[in-house]
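Undergrad: Fold the following for me, if possible:
(2 chains)
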Protein chains: 2
Amino acid sequence: MDNQQLMAGLLEQVKGEAAKIDRCMRQDQALFGPDIDELLSAVLEYGLFNGGKRIRPFLTVLAGRLCTVENERIYQLGIAFEYLHAATLFHDDIIDGSATRRGKLSVHKKFGVVSAILAGDFLHAHAMDIVGQMAGKDGLASFCRATKGMAEGEFMQLRNAQKHNLSELDYYNAIMGKTGLLIAAACEVGAMFGGGNGDQVKALKSYGENLGCAFQVTDDLLDYLGNPEKTGKAVGNDLAEGKMTLPLILAIDRAGTDDRNRLLTIISSEEIRRDGLLETVELIDRYDGFVTARQQAEDASRRAVDNLRIFTSPRMEKEKMVLESLASYVVMREK
Amino acid sequence: MDNQQLMAGLLEQVKGEAAKIDRCMRQDQALFGPDIDELLSAVLEYGLFNGGKRIRPFLTVLAGRLCTVENERIYQLGIAFEYLHAATLFHDDIIDGSATRRGKLSVHKKFGVVSAILAGDFLHAHAMDIVGQMAGKDGLASFCRATKGMAEGEFMQLRNAQKHNLSELDYYNAIMGKTGLLIAAACEVGAMFGGGNGDQVKALKSYGENLGCAFQVTDDLLDYLGNPEKTGKAVGNDLAEGKMTLPLILAIDRAGTDDRNRLLTIISSEEIRRDGLLETVELIDRYDGFVTARQQAEDASRRAVDNLRIFTSPRMEKEKMVLESLASYVVMREK
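TA: The predicted model follows:
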């Protein structure tokens, strides 16, 4: 099977699982019953059922299965990660002033800031409740650690927003808070629920951290180099917003005085940034910013896969292969 | 001992316990260590340590002790309720557009909306973590039920904001979400942690619900009738904001057509409301709106105390008395 077939098969499977997870979420929502406030219900319907890929619950399911035999209840645990993810997006879109998400108005634009804050708080509590009931104290501790880390990561970003001398370490800390922690927790808690031993839980958590990094670095590469026809969005958004991502950080780090100063001049001025995309891409390229970032994404993807080595049971070969394919997919994807 | 002495003694005790709870919160904050983001740390310091009475943790401690022997760890559980309370205030002040709290700038005015949202999310997760670790699945379920109910209550208020035909039931549902649920959960979870049996847990939960109602109805009375020199705030805020509270709802319910229409005219127009306080007070008074609301507050206070009857052990006489005094205090207070 070549790579393209492998990926096609993977995406097919993700789609099937997403449908199953959506059904599980609908059943769970129905449990709130007819008594739930109608406005809250409308916000949840709008904010939750938007064609998302449901990668986080899927990871929980895969991690659980990799550790143990089949247990259908793990889908119910998985949806907590989708809820927390959604709660985070409701609040993040306010914080970033994002007017749209997936081609629709963001929740705060559609229902107002107040509804977006409150629905986020509601989902947040609901997600904690599910994890606490299903995954016990250790699972809840992991979940809360991720949640707190995400809020801390946002604070860091807030403080770093005006800083243009970010280091690679700053960048990796930021993307860990933004993406890595929750994905790692989805894998870790799934493994715990599945009855994994200490090494297995640790391996799957590390898989998640590396998968998250590989995903986010690739996302930041696509923002500069992606094909708008495939990604569905214009290139250069990060630069336009003055966001320091890995390719740029690497280039500034490596450039000689003149080119470094030029890059810092571009990134510091909204006006110059607007027309400076081509020049910036060229400068980044001159110092191998893209090539190196790509290598780092691939390294992270490889580290993710390396963590799966300890799972040797032939019975779980399928789950292991899906996790491996996901790690390949996140760095190969063109959108 | 007359009432005034009793109350003076109670307030003295509340003060001593608040100091102890503050120390416990400081110890807990220290656990976050030097690695916590400095901006987040500043927001928490500002938003948490503001001379609050720490009534919720105190209730957790009292409820726990009423069910069992002394256990100092219950203070650590109690602070989760202060954290959730604070998280709620951070978000509520954004929602209500409140610029000040306790005579200082509110968190979102001091640190910005983004910080207020994120610090609230952080505290929210931290509170859940504490409850999950210390009070088990049932405690967490109660805590999450309260949190979700509070968000739902805010949604209801949002929908009711423009409605002037609210019923008494609407009002009580709203104040339960705003005040009752969290106070009830503080008592309920304390009782669970204290090893209370089913009846004891239920009784203390009901105590908290009724205490919360008595408190909030009294608050709404003070908004019309309080002495600004004692309460520290002007009268008539609720009317100025067009908020339908119990005295007004009762009066509209009981008035003849002319007076009812006049009250609805006043409440519906921002301009008329501004100069309509005296007339409104007179109309509410004409239909015993204040007297009846006061009676309902006292009834709730009495029901709170009635719930304590099942606690007959002489060893817990002191805790029981404090809870009884608190129920008297909330309806007697002048500020």
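
Undergrad: State the number of residues packed around A:V330.
TA: Other residues lying near A:V330 total 23 when counted by other CB atoms under 10 Å in any protein chain shown. All C-beta spots, glycine's among them, are computed from the backbone N, C-alpha and C.

Undergrad: what's near enough to touch A:Q296?
TA: A:Q296 is in contact with A:217, A:246, counting by CB atoms under 8 Å, 6 or more residues apart in numbering or on different chains.

Undergrad: Could you check how far it is from chain B?
TA: Using CB to the nearest CB, to the nearest Å, one gets 24 Å for the distance from A:Q296 to chain B.

Undergrad: Close to chain B: what parts of the stretch 101-250 of chain A are there?
TA: By the criterion of CB under 8 Å from any CB of the partner chain, the positions of the stretch 101-250 of chain A lying close to chain B are A:113-115, A:117-122, A:124-126, A:128-129, A:132-133, A:137, A:140-141, A:144-145, A:147-148, A:150-152, A:154-156, A:158-159.

Undergrad: taking these one by one, which sit in helices?
TA: For those, the ones inside helices are A:113-115, A:117-122, A:124-126, A:128-129, A:132-133, A:137, A:140-141, A:144-145, A:147-148, A:150-152, A:154-156, A:158-159, with DSSP state H as the criterion.

Undergrad: Show me just the buried residues among these.
TA: Neighbour-count burial within these applies to A:113-115, A:117-122, A:124-126, A:128-129, A:132-133, A:140-141, A:144-145, A:147-148, A:150-152, A:154-156, A:158; the criterion is 16 or more other CB atoms under 10 Å in any protein chain shown.

Undergrad: any idea of the mean pLDDT for stretch A:112-132?
TA: Averaging pLDDT along stretch A:112-132 yields 95.

Undergrad: what distance separates it from the middle of the whole chain?
TA: Remark: stretch A:112-132 is offset 19 Å from the chain centroid, using CA atoms, centre = their mean, to the nearest Å.

Undergrad: Need the CA coordinates for it. PDB is fine.
TA: Taking C-alpha atoms only, stretch A:112-132 is exported to PDB below (Å, rounded to 0.1, in the frame of the first residue of the first chain):
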ATOM      1  CA  GLY A 112     -22.500  37.200  22.000                       C
ATOM      2  CA  VAL A 113     -19.500  37.200  24.300                       C
ATOM      3  CA  VAL A 114     -21.600  36.400  27.400                       C
ATOM      4  CA  SER A 115     -23.100  33.200  25.900                       C
ATOM      5  CA  ALA A 116     -19.700  32.100  24.700                       C
ATOM      6  CA  ILE A 117     -18.100  32.600  28.200                       C
ATOM      7  CA  LEU A 118     -21.000  30.800  29.900                       C
ATOM      8  CA  ALA A 119     -21.300  27.900  27.500                       C
ATOM      9  CA  GLY A 120     -17.600  27.400  27.800                       C
ATOM     10  CA  ASP A 121     -17.800  27.300  31.600                       C
ATOM     11  CA  PHE A 122     -20.700  24.800  31.300                       C
ATOM     12  CA  LEU A 123     -18.900  22.500  29.000                       C
ATOM     13  CA  HIS A 124     -15.800  22.800  31.100                       C
ATOM     14  CA  ALA A 125     -17.600  21.600  34.200                       C
ATOM     15  CA  HIS A 126     -19.400  18.900  32.200                       C
ATOM     16  CA  ALA A 127     -16.100  17.500  30.800                       C
ATOM     17  CA  MET A 128     -14.600  17.500  34.300                       C
ATOM     18  CA  ASP A 129     -17.600  15.600  35.600                       C
ATOM     19  CA  ILE A 130     -17.300  12.900  32.900                       C
ATOM     20  CA  VAL A 131     -13.600  12.400  33.500                       C
ATOM     21  CA  GLY A 132     -14.000  12.400  37.300                       C
END
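
Undergrad: in stretch A:64-79, what's buried?
TA: A:64-67, A:74-79.

Undergrad: Tabulate the CA atom coordinates of the worst-scoring helix or strand of chain A on mean pLDDT in CSV.
TA: Least confident helix or strand, chain A: helix A:228-231 with a mean of 84, by mean pLDDT, DSSP states H and E. What follows is the C-alpha trace of helix A:228-231 in CSV, where atoms were taken according to Å, rounded to 0.1, in the frame of the first residue of the first chain:
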residue,chain,number,x,y,z
PRO,A,228,-4.8,28.2,-0.4
GLU,A,229,-6.8,26.0,-2.7
LYS,A,230,-6.1,23.0,-0.5
THR,A,231,-6.0,24.7,3.0
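
Undergrad: what residues does whatever helix or strand comes next after it touch?
TA: Moving toward the C-terminus from helix A:228-231, the first helix or strand encountered (DSSP states H and E) is helix A:237-240. Outside of helix A:237-240, the residues within contact range by CB under 8 Å, 6+ apart are A:220, A:223-224, A:245, A:248, A:266-267, A:273-274, A:276-277, A:280.

Undergrad: give me that answer again for 6 Å
TA: Under the criterion CB atoms under 6 Å, 6 or more residues apart in numbering or on different chains, residues A:223, A:245, A:273, A:277, A:280 lie in contact with helix A:237-240.

Undergrad: ditto for stretch A:147-161
TA: Residues from elsewhere that reach stretch A:147-161 (CB under 6 Å, 6+ apart): A:174, A:177-178, A:181, B:37, B:39-40, B:118, B:121-122, B:125.
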